[in-house]
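> Sharing a model prediction with you, sequence too.
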Amino acid sequence: MIIQLNPGISATERSEIIDVVHSFKYKTKEVNTQKGEYVIGIGKTDFDIRQIGTLDGIKDIHIVSDDFKLVSRKWKVQETEIDLGDGVKIGNGHFQTMAGPCSIEGEENINETIQHLKENGLKIMRGGVFKPRSSPYSFRGMGLDGLKMWYKAAKEAGIKIVTEVMQVSQIEEMYDYVDIYQVGARNTQNFNLLDELGKVDKPVMIKRGISGTIDELLQSAEYVFSGGNERLLLCERGIRTFEKASRNTFDINAIPILKEKSHLPVVADPSHGIGLRDHVEPVALASVVAGADAVIFETHCTPELAFSDGQQTLDFRESARLIKKMDELIQWRNKI
């Protein structure tokens, strides 16, 4: 059960609502976000919700059977829109393409990529400064200094940035230099990290776990929302299966299913989803057709020389071609 409270509700009204919910043997959790105040009721007793809905201080009340309640579409039919400022929006009819290198490599790499994005009308750049690598001997990113350099150049160019946060201690130090925090596949169930991201007032994109289910992804988003941050994006990035022909198995089914189950915007990551440069384009286009609100992919001036993930990274020519095709598909999608 989700109870939406009126803005400016009095302490007396709030206390009465919680007491009545408790009288039905329900546990409660109060959630205050950037956009509203809620009381979440957890229990199994059947009762007439009008016994609660008529109380003073209640804006609306919803019965939600899903374990993930706040991110469920069962109470919020209208799609969530993430506003990054400067007219850059994701979700609720606003499509965005995010592109950039796997790892931020230096000033030249940053400036080349920003120029490529501007030439192709993109407003969001992806890149890693803290890199979780399978091998301890692989390049692990430029760290906070690299982030500061990147953010300064991007801001001057009017470009937003999305980058991965790996641990709780990085959240605060990254705050002034990031537009979207990314939670990577290896951290999707790092609940301490998710709890702390619930306390910040910046968008968070959560990637699906390496072998995670759709419901587990939604539960991870619920952690952040229930912590107070409802500016969330869900990212399908492929899952690990028995198939060896590609890096991962991109679950195209997840896009319409997530759109059905949740009001949050859905982002597709074809680069990690298939891990093969020649096949990133068709998977990205399929994601658009399937209803994704955004696509994030890797691009580099010279993928063969990239510090990481060059095998799945498009060069600028391939990137420009993909962006053009996706723009055409979005125009088609908006007409049907």
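Alright, I've got the coordinates.

> Show me the strands in the stretch 51-200 of the chain, by range?
58-62, 82-83, 89-90, 96-100, 124-126, 160-164, 180-183 (DSSP state E, counting those that start in this stretch).

> Show me where the stretch 51-200 of the chain dips below the pLDDT cut-off.
Scanning the stretch 51-200 of the chain for pLDDT under 70 picks out the ranges 131-140.

> So for the helix or strand hosting Asp327, what gets flagged as buried?
Counting by DSSP states H and E, the element that carries Asp327 is helix 316-335. The neighbour-count check on helix 316-335 (16 or more other Cβ atoms under 10 Å) flags Phe316, Glu318, Ser319, Ala320, Leu322, Ile323, Met326, Leu329 as buried. C-betas here are computed from N, CA, C, even on glycine.

> And for stretch 238-245?
Gly238, Ile239.

> Between the two ends of that stretch, how far is it?
Taking Cα to Cα, to the nearest Å, the first and last residues of stretch 238-245 lie 13 Å apart.

> Give me the contact list for the helix holding Asp327.
With Cβ atoms under 8 Å, 6 or more residues apart in numbering as the test, helix 316-335 has contacts from 93, 95, 97, 99, 116, 119-122, 277, 280-281, 284-285, 288-289, 291, 295, 297, 299-301, 314.

> now the buried residues of helix 316-335 in TSV, with pLDDT and distance to Met205?
What follows is those, written out as TSV (pLDDT from 0 to 100; distance: Cβ to Cβ, whole Å):
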residue	pLDDT	distance to Met205
Phe316	98	24
Glu318	98	23
Ser319	98	20
Ala320	98	24
Leu322	98	20
Ile323	98	19
Met326	98	18
Leu329	97	22
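
> any chance of these in a markdown table, plus distance to Glu222?
Output for these, formatted as a markdown table (distance: Cβ to Cβ, whole Å):
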| residue | distance to Glu222 |
| --- | --- |
| Phe316 | 39 |
| Glu318 | 37 |
| Ser319 | 34 |
| Ala320 | 38 |
| Leu322 | 33 |
| Ile323 | 33 |
| Met326 | 30 |
| Leu329 | 31 |
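
> can you give me the helices in the stretch 1-150 of the chain?
Using DSSP state H, counting those that start in this stretch, the helices of the stretch 1-150 of the chain run over residues 11-23, 50-53, 107-119, 143-157.

> Next, the angle from the last one to strand 160-164.
Inter-element angle recorded for helix 143-157 and strand 160-164: 160 degrees (by axes from the mean of the first three to the mean of the last three Cα atoms, to 10 degrees).

> Need the CA coordinates for helix 143-157. CSV is fine.
C-alpha atoms of helix 143-157 as CSV (Å, rounded to 0.1, in the frame of the first residue of the first chain):
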residue,chain,number,x,y,z
GLY,A,143,40.0,8.8,-10.6
LEU,A,144,38.6,12.0,-9.2
ASP,A,145,41.2,14.3,-10.9
GLY,A,146,40.1,12.8,-14.3
LEU,A,147,36.4,13.4,-13.4
LYS,A,148,37.1,17.1,-12.5
MET,A,149,38.9,17.6,-15.8
TRP,A,150,36.2,15.9,-17.8
TYR,A,151,33.3,17.7,-16.0
LYS,A,152,34.9,21.1,-16.6
ALA,A,153,35.3,20.5,-20.4
ALA,A,154,31.8,19.0,-20.7
LYS,A,155,30.1,21.8,-18.8
GLU,A,156,31.7,24.4,-21.0
ALA,A,157,30.4,22.5,-24.0
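
> which other helices and strands contact that helix?
Packed against helix 143-157 by the contact rule (3 or more Cβ pairs under 8 Å, 6 or more residues apart in numbering; DSSP states H and E) you find helix 107-119, strand 160-164, helix 168-174.

> Which positions in it come out as buried?
So for helix 143-157, counting by 16+ other Cβ under 10 Å, buried means Gly146, Leu147, Lys148, Met149, Trp150, Tyr151, Ala153, Ala154.

> residues in contact with the nearest residue to the second one once chain neighbours are set aside?
Looking back up the chat, that one is Leu147. Of all residues not flanking Leu147 in the chain, Val129 sits nearest, at 4.4 Å (Cβ to Cβ, 6 or more residues apart in numbering). Counting by Cβ under 8 Å, 6+ apart, Val129 touches Ser103, Ile104, Gly141, Met142, Gly143, Leu144, Gly146, Leu147, Trp150, Thr163, Glu164.

> hang on, the first one packs against Gly128?
What that stands for is Ser103. Yes. Counting by Cβ atoms under 8 Å, Ser103 touches Gly128, with 4.8 Å between them.

> In terms of packing, which of these two has more residues around it?
Legend: neighbour count by other Cβ atoms under 10 Å for Ser103 and Gly128, higher for Gly128 (28 against 25).

> how deep is the nearest residue to Ser65 once chain neighbours are set aside tucked in, by neighbour count?
Using Cβ to Cβ, 6+ apart and skipping the chain neighbours, the partner closest in space to Ser65 is Lys74 (7.3 Å). Counted with other Cβ under 10 Å, the neighbours of Lys74 add up to 16.
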